[in-house]
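Visitor: I need the structure of the sequence given here:
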Amino acid sequence: MRTKITLEDNGQDFLEFICNEEGMIVETQPFQGGIWNGAYIPIESPDMVKVGEECPVHNPPHIYYGFLKHKIEKLEQQPDCSQETAIKLE
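Guide: Numbers count the residues shown, from 1 in each chain. Model (predicted):
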């Protein structure tokens, strides 16, 4: 499963992070994927990653175990498309 983290809009170029099961950001929307993809968010720690709280992130050399100044608006679970079984069309 993937986790989609939607952040509050404060005019920044990124509003959504898609994280894999380990908490690594694999997709950033709508912009700045080159900066944020590969960063770590501790999604396995529900006491740290909560709606209404600032988003924790580890993205060296920019941020070392810090927080973004953008609060989390929504957390959603999404299926990992790479693990889905393909449907055979006949």
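
Visitor: and the least confident helix or strand in the chain by mean pLDDT, what other elements does it pack with?
Guide: Of all the helices and strands that make up the chain, helix 33-36 has the lowest average by mean pLDDT, DSSP states H and E, namely a mean of 92. For helix 33-36, the packing partners by 3 or more C-beta pairs under 8 Å, 6 or more residues apart in numbering; DSSP states H and E come out as strand 25-30. For glycine as for every other residue, the C-beta is placed from the backbone atoms N, C-alpha and C.

Visitor: Could you list the paired strands of the strand it packs on along with their orientation?
Guide: In the sheet containing strand 25-30, its partner strands are strand 14-19 (antiparallel), by DSSP bridges.

Visitor: Only the C-alpha atoms, please, for the partner strand, written as PDB.
Guide: The C-alpha atoms that make up strand 14-19 are tabulated as PDB, following Å, rounded to 0.1, in the frame of the first residue of the first chain:
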ATOM      1  CA  PHE A  14       4.000  20.800  -3.700                       C
ATOM      2  CA  LEU A  15       0.700  19.800  -2.200                       C
ATOM      3  CA  GLU A  16       0.800  16.000  -2.200                       C
ATOM      4  CA  PHE A  17       3.400  13.300  -1.400                       C
ATOM      5  CA  ILE A  18       2.900   9.700  -2.300                       C
ATOM      6  CA  CYS A  19       5.000   7.400   0.000                       C
END
